[in-house]
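**Student:** Here is the input, now give the coordinates:
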Amino acid sequence: GAAKELKKIVEEEYLRNNIRKTMILNNLSQELTKSVTVPEEELKSAYNEIKDSMYSVKASHILIEDFEEAKKILERVKAGEDFNELAVEYSIDPSAKYNRGDLGYFSTGEMVPEFETAAFALEPGEVSDLVKTSYGYHIIKVEDKKVLTFEEVKPQLEQQMLPQYKNQFLSTYFSDL
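**Tutor:** Okay, here's the model as predicted:
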């Protein structure tokens, strides 16, 4: 009884101290590294390594539930009918009524994978074949494609690279102590 109770108290105390230590270290680390930033030239060199894959595309789509109907509409698009008019008339995407199927600019990670892959494979002015996603069948038309600028990508790069710089700073700081 008593030994078991004592063991429990000791374990609890040990756990409390451990949590306390962890919290103190976390707060100290945050305080010490709050002014740590990723050097601009490091961000720029990271950007230069990936910029060829950093696209933003402007696309419109028509979303159809039924495969056969989707095939018919794709034929009409390929025959030169107005893409956005067809989007207003047939797309089951509720936003099509006011945006005429226009999704604006988007970059990687913003759309479902199948849609994204198809959109990024197209050149401006090109129309996809039917692209199946969990939403139905999409017909995608790419209007524009541009490489994202350093300024556009910088916040994401910084977020990805900052932990590494904070850790380097802390390692140096503690070994200097």
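**Student:** make it CA atoms for all contacts and neighbour counts henceforth
**Tutor:** OK.
**Student:** now the spatially most central residue of the chain: how far from Ala87?
**Tutor:** The residue lying closest to the centre of the chain (Cα atoms, centre = their mean) is Gly109, at 3.6 Å. Going from Gly109 to Ala87 by Cα to Cα, to the nearest Å gives 24 Å.
**Student:** Give me the contacts around the helix or strand harbouring Ala70.
**Tutor:** Applying DSSP states H and E as the criterion places Ala70 in helix 67-78. Here helix 67-78 makes contact (Cα atoms under 8 Å, 6 or more residues apart in numbering) with Ile64, Phe83, Leu86, Val127, Asp129, Leu130, Tyr137, His138, Ile139.
**Student:** hmm, try it at 7 Å
**Tutor:** Ile64, Phe83, Tyr137, Ile139 (Cα atoms under 7 Å, 6 or more residues apart in numbering).
**Student:** For it, which residues meet the burial criterion?
**Tutor:** Ala70, Lys71, Ile73, Leu74, Val77 (16 or more other Cα atoms under 10 Å).
**Student:** Could I get the CA-only coordinates of it as PDB?
**Tutor:** Only the C-alpha atoms of helix 67-78 are listed here, as PDB (Å, rounded to 0.1, in the frame of the first residue of the first chain):
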ATOM      1  CA  PHE A  67     -20.400  10.700 -68.400                       C
ATOM      2  CA  GLU A  68     -22.500  10.600 -71.600                       C
ATOM      3  CA  GLU A  69     -23.700  14.200 -71.200                       C
ATOM      4  CA  ALA A  70     -20.100  15.300 -70.400                       C
ATOM      5  CA  LYS A  71     -18.900  13.700 -73.700                       C
ATOM      6  CA  LYS A  72     -21.600  15.600 -75.600                       C
ATOM      7  CA  ILE A  73     -20.600  18.900 -74.000                       C
ATOM      8  CA  LEU A  74     -16.900  18.300 -74.600                       C
ATOM      9  CA  GLU A  75     -17.700  17.800 -78.400                       C
ATOM     10  CA  ARG A  76     -19.600  21.100 -78.400                       C
ATOM     11  CA  VAL A  77     -16.600  22.800 -76.700                       C
ATOM     12  CA  LYS A  78     -14.200  21.200 -79.300                       C
END
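**Student:** what's the following helix or strand after it?
**Tutor:** Taking DSSP H and E, what comes next after helix 67-78 is helix 83-90.
**Student:** That next one packs against which elements?
**Tutor:** helix 96-99 (3 or more Cα pairs under 7 Å, 6 or more residues apart in numbering; DSSP states H and E).
**Student:** Packing partners of the helix it packs on?
**Tutor:** helix 83-90.
**Student:** Can you list the buried residues in the helix it packs on?
**Tutor:** Buried, per 16+ other Cα under 10 Å, within helix 83-90: Phe83, Asn84, Leu86, Ala87, Val88, Tyr90.
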